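Asker: Any chance you could fold what I've pasted below:
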Amino acid sequence: MAAERLNSTDEMLYRAADVLGSTRIVQVLWQFRERVPVRDLQTEWNRLNQGRLSRRAVAAALPGARRSWIGAHNDEALDVTEVPLTDHTVTDWMDTQVSAPLPAGSGSLWRLAAAPYGGGSLVSLTVPHFRCDGLGIFGAIGSGQDPAGQTAPSAALDAVDVAGQIAEAALATARWLPRTLAGPLERARIGAALKTPTAATTTPVTPRFFSSAIAEVDAAQWQDRAQARGGTDNSLFVEIAANLVRTAVRGGTGIPVDVGIPMTLRQSEHDARANALVVLPLTLPGGPALHADLRPTRQATKELLRSAGEHSGTLVPEALWHLLPSGLAHRLKNPGAQQTDVVASNFGQVPRPVAEFTGRPAASVALRTMNVPGVLPDKARLRASLCLVRNGDHMTVTVTGMPDHFGDSASLRRLVDEELAAWGLTAHRWWGAATHRAKEA
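Answerer: This is a model prediction of the structure:
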């Protein structure tokens, strides 16, 4: 099997620790009603270690050729604790899993862990975003032993890659350059990017590790509330994300809110790309939280996605970007998720292999994305991140937010409950007693 080459998004996320001071981690969480035997967890670990998650990036033999993903063994062993979690320790355990070091270039590729909780088991899978995006992780869980190429490409294949990149760059640039020269907005964006300093000249800032809240909502109720306001499941989700920023970050002022909307470019669950998405910024009005008409947000989202096409993560044609020196390439990337106020990632229906991880149906599935050791406020605008999945007849929404604005996890949970209640949604806690009992509208 031919090795998959790293694309521009892979490279940017791979270098995020150096550029932004933190690494983006994707965490999938499962709750099971009964204890999951260690042998079943080890079977899943072995299966994942034979698949697409277990691969590392290797340099090309020829300058100008892109790096490649090749198969590798995961040095991060299965971690199972026998000490039962409590409602007071479960959040710390989840944060410990997402914070476990999985540095780029190391043999620690991903981490699978489990602990007893509530008479059953809580299971966590953490994967660096540069290694795979959320839908890619779902696909990797489902595809099982669908391995990466086992050997680095030869110099001859690297030469083919260089030639292909040069040819593609020439054709793409010939189409792109006249359009860019004629467009003042595009010229201004590139000019501003080229003037951006490559190194920080200010005093280092302490990373902010985000607080977390997870809530479950009846899927039929979610759909009913969305439709009653002229929206969809997704537009309601986007508006909830914007409202949390309006309330906790903007303080009700009229400053617009930029919501990052991830758009997948994945063709199927067998798409071998590590990252196949772009994050599109949707600008929504500022002011107080809005809980009425969802039609403006629905229409704005639809228009954004319709006009997006195969958006690149770079400000120049991607093939050209790969041929540029690293310093210049860094300047000419699209801002992405880290330069929006909040990201709203809707992963849709959880695929059956994910919902039945370890061979048994999970009571609930959640997903969150976290910056580790945290977001640096002077390097990234991101203040909150939301993920939504549907499993069976429930929607699970995960919210993470910067403590400077949202407080600790208990404060964030109260704010999330209040926001859901304002839509007439009954929030069920993923763990522990409810901090605020939402009422049926």
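
Asker: measure the residue lying closest to residue 72 once chain neighbours are set aside to residue 273 for me?
Answerer: In this structure, residue 72 finds its nearest non-sequential neighbour in residue 56, 4.2 Å apart by CB to CB, 6 or more residues apart in numbering. Where you see a C-beta, it was placed from the backbone N, CA and C, and this is true even at glycine. Distance, residue 56 to residue 273, by CB to CB, to the nearest Å: 16 Å.

Asker: ok, now residue 90?
Answerer: Taking CB to CB as the measure, residue 90 and residue 273 are separated by 34 Å.

Asker: domain assignment for this structure?
Answerer: Residue ranges for the domains of the chain, per automatic domain parsing: 4-155, 211-429.

Asker: what's the distance between the first one and the middle of its chain?
Answerer: Using CA atoms, centre = their mean, to the nearest Å, we find the averaged C-alpha position of domain 4-155 to lie 13 Å away from the chain's own average C-alpha position.

Asker: end-to-end on it?
Answerer: Using CA to CA, to the nearest Å, one end of domain 4-155 lies 15 Å from the other.

Asker: likewise stretch 60-80?
Answerer: Length of stretch 60-80, first residue to last, CA to CA: 38 Å.

Asker: Just want the phi and psi numbers for residue 103.
Answerer: Main-chain dihedrals, residue 103, degrees, to the nearest 10: phi -70, psi 150.

Asker: residues touching it, list them.
Answerer: Each residue near residue 103 by CB atoms under 8 Å, 6 or more residues apart in numbering is listed here: 17, 23.

Asker: Which neighbouring elements make contact with the helix or strand of the chain with the lowest mean pLDDT?
Answerer: Using mean pLDDT, DSSP states H and E, the weakest-scoring helix or strand in the chain turns out to be helix 16-19, at a mean of 76. Packed against helix 16-19, as judged by 3 or more CB pairs under 8 Å, 6 or more residues apart in numbering; DSSP states H and E, are the following elements: strand 23-32.

Asker: Neighbouring strands of the strand it packs on in the sheet, and parallel or not?
Answerer: strand 120-128 (antiparallel), strand 364-372 (antiparallel) (DSSP bridges).

Asker: of all those, which lies closest to residue 302?
Answerer: When the strands paired with strand 23-32 are ranked by proximity to residue 302, the top entry is strand 364-372, at 24.2 Å, counting by CB to CB.

Asker: and the closest one, how far from the chain's centre?
Answerer: Taking CA atoms, centre = their mean, the mean C-alpha location of strand 364-372 is offset from the chain mean by 8 Å.

Asker: again, but for stretch 260-269
Answerer: Mean C-alpha position of stretch 260-269 versus that of the full chain (CA atoms, centre = their mean) differs by 11 Å.

Asker: Give the buried residues for it.
Answerer: By neighbour count on 16 or more other CB atoms under 10 Å, the buried set for stretch 260-269 is 260-262, 264-266, 269.

Asker: The residues you listed into a markdown table, with extra columns for distance to residue 306 and secondary structure?
Answerer: Compiled in a markdown table, the buried residues of stretch 260-269 are given as follows (distance: CB to CB, whole Å; DSSP: H, G, I helix; E, B strand; the rest coil):
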| residue | distance to residue 306 | secondary structure |
| --- | --- | --- |
| 260 | 17 | strand |
| 261 | 12 | strand |
| 262 | 16 | strand |
| 264 | 15 | strand |
| 265 | 15 | coil |
| 266 | 18 | coil |
| 269 | 25 | coil |
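
Asker: send the alpha carbons of stretch 390-409 over as PDB?
Answerer: Extracted C-alpha coordinates of stretch 390-409, given in PDB (Å, rounded to 0.1, in the frame of the first residue of the first chain):
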ATOM      1  CA  ARG A 390     -25.900  11.800  18.100                       C
ATOM      2  CA  ASN A 391     -26.000   8.300  19.500                       C
ATOM      3  CA  GLY A 392     -29.400   6.600  19.300                       C
ATOM      4  CA  ASP A 393     -32.100   8.900  20.600                       C
ATOM      5  CA  HIS A 394     -29.700  11.300  22.400                       C
ATOM      6  CA  MET A 395     -27.600  14.300  21.400                       C
ATOM      7  CA  THR A 396     -24.500  14.800  23.500                       C
ATOM      8  CA  VAL A 397     -23.000  18.300  23.500                       C
ATOM      9  CA  THR A 398     -19.500  18.900  24.900                       C
ATOM     10  CA  VAL A 399     -18.400  22.400  25.800                       C
ATOM     11  CA  THR A 400     -14.900  23.500  26.700                       C
ATOM     12  CA  GLY A 401     -14.100  27.100  27.600                       C
ATOM     13  CA  MET A 402     -11.300  29.300  28.800                       C
ATOM     14  CA  PRO A 403     -11.500  29.700  32.600                       C
ATOM     15  CA  ASP A 404     -10.800  33.500  32.300                       C
ATOM     16  CA  HIS A 405     -14.300  33.800  30.800                       C
ATOM     17  CA  PHE A 406     -16.200  30.700  31.800                       C
ATOM     18  CA  GLY A 407     -14.800  29.900  35.200                       C
ATOM     19  CA  ASP A 408     -14.200  26.400  36.400                       C
ATOM     20  CA  SER A 409     -16.100  23.300  35.200                       C
END
